[in-house]
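*Asks:* sequence first, then the predicted structure, then my questions.
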Amino acid sequence: MAKTFTAKLHKTDKEKVHNITLGGNKTTDVCPPPDMDKHDDATSPHHLFLSSIGGCVNLVFDIALQKGHIEFSNITSEISGEYVTDEDTQRSAFESISIDTTVIVPEDANEKRIKKLFDMAKDNCPIGNCLIGSCVKLVTNLNIEYE
């Protein structure tokens, strides 16, 4: 059975700023990346895209660790995207996206099992799976730190 997710957008009274309503009740403003310095309360679609992929991988990994009964005190990720514009066509796109994830676990945690759960998480992230077959290369890296 399919689940439908919704978002609504509308222009605000600020130049080049639109408001997004997510899931009916959460809102955020978006603007082009060059204008972010002008709007402290806005983000860009580019940053939302990167955070969606990173957030998905982190949440699926969190769930996998819990279901696998692996104790952890924190999961963090740094997400970066290489964004290019073709000089001839002016077509812009992300070329690659990197997710560097760190999980903090007790000294006796099973490293091999944690890595397997991370691989399962990145393979089961529905947002990241949208990149399969696209021109965007998704690179993930897991760092395991011990308490």
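*Replies:* All right, it came through fine.
*Asks:* how about stretch 83-95: buried residues?
*Replies:* Residues Phe94 are the ones in stretch 83-95 that count as buried (16 or more other CB atoms under 10 Å). C-beta coordinates here come from the backbone N, C-alpha and C atoms, glycine included.
*Asks:* what's the mean pLDDT across that stretch?
*Replies:* Stretch 83-95 carries an average pLDDT of 95.
*Asks:* same question, stretch 44-53
*Replies:* According to the model, stretch 44-53 has a mean pLDDT of 96.
*Asks:* what's in contact with it?
*Replies:* 28, 30-33, 36, 79-81, 83, 94, 97, 99, 125, 127-128, 131, 138 (CB atoms under 8 Å, 6 or more residues apart in numbering).
*Asks:* go again using 6 Å as the cut-off
*Replies:* Taking contacts as CB atoms under 6 Å, 6 or more residues apart in numbering, the residues outside stretch 44-53 that touch it are 30, 33, 36, 79, 81, 127-128.
*Asks:* from those, which is closest to Gly68?
*Replies:* Using CB to CB, the shortest approach to Gly68 within the contacts of stretch 44-53 belongs to Gly128, at 19.7 Å.
*Asks:* if we can go back for a sec, list the ones among the contacts of stretch 44-53 that fall in strands.
*Replies:* Here DSSP state E is the test, and these give 30, 79, 81 as lying in strands.
*Asks:* who touches the lengthiest strand in the chain?
*Replies:* For the chain, the strand with the greatest residue count under DSSP E is strand 92-105. For strand 92-105, contacts defined as CB under 6 Å, 6+ apart pick out 54, 57, 72-85, 136-145.
*Asks:* again, 7 Å this time
*Replies:* With CB atoms under 7 Å, 6 or more residues apart in numbering as the test, strand 92-105 has contacts from 50, 53-54, 57-58, 61, 70-85, 114, 118, 135-147.
*Asks:* may I have that strand as CSV, with CA atoms only?
*Replies:* What follows is strand 92-105, C-alpha atoms only, in CSV (Å, rounded to 0.1, in the frame of the first residue of the first chain):
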residue,chain,number,x,y,z
SER,A,92,22.8,22.5,-12.8
ALA,A,93,22.8,19.3,-10.7
PHE,A,94,24.4,17.6,-7.9
GLU,A,95,27.2,15.4,-9.2
SER,A,96,27.9,13.5,-6.0
ILE,A,97,26.7,13.4,-2.4
SER,A,98,28.8,12.3,0.5
ILE,A,99,27.5,11.2,3.9
ASP,A,100,30.1,10.7,6.6
THR,A,101,28.3,9.1,9.6
THR,A,102,29.8,8.6,13.1
VAL,A,103,28.2,6.3,15.6
ILE,A,104,29.4,6.2,19.3
VAL,A,105,29.1,2.8,20.9
